[in-house]
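S.K.: Give me the fold of what follows.
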Amino acid sequence: MKQRVQRHNSGVENFTSKYIPWNLIWYGEKNTKSEAYKLEQKLKNLSKKRILEFIKKYELRESIADDPQIDLDNN
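M.R.: Below you'll find the model as predicted:
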């Protein structure tokens, strides 16, 4: 996960380089790639308002802030 965020922030990916810096605020696990893809598509199609509600409701930043595998402050 950390490598993927670093790749987005490195400018290698043309589409995501327009929006640097990227910060990981939530991640989850699914049993299959298909389930993960469906969730990704749902999240990508949320409005900014709904995304902010989602983050607030589940206090997502706090839930992963203590994970030593994820460096939220390193751009």
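
S.K.: Give me the below-cutoff pLDDT ranges for this protein.
M.R.: Within the chain, the ranges that satisfy pLDDT under 70 run 58-75.

S.K.: residue boundaries of the helices in it?
M.R.: Here the chain has its helices, by DSSP state H, at 2-10, 14-17, 33-44, 48-58, 60-65.

S.K.: Nearest to Tyr27, out of the ones you listed?
M.R.: Distance to Tyr27, taken as C-beta to C-beta, is lowest for helix 60-65 among the helices of the chain, at 6.7 Å. Yep, even glycine has a C-beta here, placed from its N, CA and C like the rest.

S.K.: I'd like to know how far Gln3 sits from Ser10.
M.R.: Here the distance between Gln3 and Ser10 works out to 10 Å (C-beta to C-beta, to the nearest Å).

S.K.: actually Ser17, sorry about that
M.R.: 8 Å.
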